[in-house]
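[1] I'd like to go over a predicted model; first the sequence, then the structure.
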Amino acid sequence: MEDFSEFVGLSRPTVSKYFNDPNSVRRKTRDTIEIALKKSGFRPNVFAVNLNRRRTNILGIIIPNSTDPFYMALTRRLESLASEAGFFALVLSSDGRAEMEDRAIGTLKSMNVAGAVIAPLGIESHRRTLEDFGRDVPLIYVDSPLDETSAFVGTDNRQSFGLIVDYLCRSGEPPCYLGMPHVNTNALTREKAYVDAMKRLGMTPHVVPVTSIKTWDFEKFGCDEAAKILNSKLGFPTRTVLCANDRVAFGAISAAYRHGLRVGHGADYQLRIAGHDDHPLSRYACPPITTVAQNYDQIGKRAIEMLLFKLGEITGSAASADVDEHVLLSGDLMLRDSA
């Protein structure tokens, strides 16, 4: 920056002012700098500039799986909203591993981020690492909270599972429950939400025992567990299976197909399978999956609002996120052919 300031013939504060906001300098000064930029090819190192600031314009985002369409959609929304607020979003994936989550946090610390939105591994997370990070910068958790006191935006599992359990009970045999690996808090909260919903309706809950394995390969998990159950003498407790999420449902449908079972709703079908989340590909499954939609658009919006409020970027009447630091959004029932 010093070399460029000398090249353009202006003071470094003036050049820095231009890079922070081109419209903050006079038109003649702006033209001079932009001509010099074309001649020199100079581009400021945004990260180096941020490291010199008391608070940067970088927001960190950590997700557990960069290939999962739900996290991809949520990330796109977060990046867009951060950009609109004048921040640069740096997205990192923990790849389902605690040591990678720790490394991602270390990277965000080294970048001197202003704050972060994190979809944590949860049970596998190194809690102290996240707590230490949270003492340095504001953190907002999405998808699953670190604990009941952490700032969080996600889906109200009690409401969403109550919705789909009620529908499945009214439209056919009451559902049994095929869970997910215990990789985050959703595994337990969703199972409990299913059990509570069945009891509220006066029904007996049937939680299918599954292998205790910590994996983010939910499709394979669902397929392997469903195949094991279908190959047993007992099979599923009922002809309706509610899966913890759509990715588990993908696997269960695959296992049913291999077993020669017709999945769908009505007298011509032998098994109903439903999911949760409204995975972007669930509508294109065969058959399309009946599920509950998480509103990733609103999750992203509320998370960024909450983070900006903590950073002092939203004040007064616009500070809608200061009312509650634990925001649970309602899900919407998506009726399709699988159930």
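    Ah, there it is.
[2] where in the stretch 51-200 of the chain is pLDDT low?
    Along the stretch 51-200 of the chain, the model assigns pLDDT under 70 to residues 51-55, 123-124.
[3] residue boundaries of the helices in it?
    Here the stretch 51-200 of the chain has its helices, by DSSP state H, counting those that start in this stretch, at 69-84, 98-110, 127-136, 157-171, 186-200.
[4] so which of those helices comes closest to residue 12?
    Of all the helices of the stretch 51-200 of the chain, helix 98-110 sits nearest to residue 12, with 24.6 Å by C-beta to C-beta. Backbone N, C-alpha and C define where each C-beta goes, glycine included.
[5] circling back to that earlier point, would you list the helices of the stretch 51-200 of the chain in JSON lines and tack on mean neighbour count and distance to residue 142?
    Formatted as JSON lines, the helices of the stretch 51-200 of the chain follow (neighbours: other C-beta atoms under 10 Å; distance: least, C-beta to C-beta, whole Å):
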{"stretch": "helix 69-84", "mean neighbour count": "18", "distance to residue 142": "7"}
{"stretch": "helix 98-110", "mean neighbour count": "17", "distance to residue 142": "14"}
{"stretch": "helix 127-136", "mean neighbour count": "14", "distance to residue 142": "14"}
{"stretch": "helix 157-171", "mean neighbour count": "20", "distance to residue 142": "14"}
{"stretch": "helix 186-200", "mean neighbour count": "19", "distance to residue 142": "12"}
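[6] of these, which approaches residue 178 most closely?
    Judged by C-beta to C-beta, the one of those that comes nearest to residue 178 is helix 186-200, at 10.0 Å.
[7] Now do the closest one against helix 157-171: the angle between them, please.
    On the basis of axes from the mean of the first three to the mean of the last three C-alpha atoms, to 10 degrees, helix 186-200 is oriented at 50 degrees to helix 157-171.
[8] Relative to the whole chain's centre, how far out is helix 186-200?
    Mean-position distance between helix 186-200 and its chain equals 21 Å (C-alpha atoms, centre = their mean, to the nearest Å).
[9] And the next helix or strand past it?
    Using DSSP states H and E, the next helix or strand after helix 186-200 towards the C-terminus is helix 218-231.
[10] Now do the strands in this structure.
    For the chain, the strands defined by DSSP state E occupy 58-63, 88-93, 115-118, 139-142, 152-155, 176-178, 240-243, 272-274, 291-293, 326-329, 332-334.
[11] Among those strands, which comes closest to residue 282?
    Among the strands of the chain, the nearest to residue 282 by C-beta to C-beta is strand 291-293 (5.4 Å).
[12] count of neighbours near the residue lying closest to residue 91 once chain neighbours are set aside?
    In space, and not counting its chain neighbours, residue 91 is closest to residue 61: 4.6 Å by C-beta to C-beta, 6 or more residues apart in numbering. Using other C-beta atoms under 10 Å, residue 61 has 25 neighbouring residues.
[13] Could I get the contacting residues of residue 303?
    78, 117, 140, 142, 153 (C-beta atoms under 8 Å, 6 or more residues apart in numbering).
[14] Save these as JSON lines, and put in distance to residue 177 too.
    Output for the contacts of residue 303, formatted as JSON lines (distance: C-beta to C-beta, whole Å):
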{"residue": "78", "distance to residue 177": "31"}
{"residue": "117", "distance to residue 177": "30"}
{"residue": "140", "distance to residue 177": "30"}
{"residue": "142", "distance to residue 177": "24"}
{"residue": "153", "distance to residue 177": "25"}
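[15] Leaving out chain neighbours, which residue sits closest to residue 112?
    residue 56 (5.0 Å).
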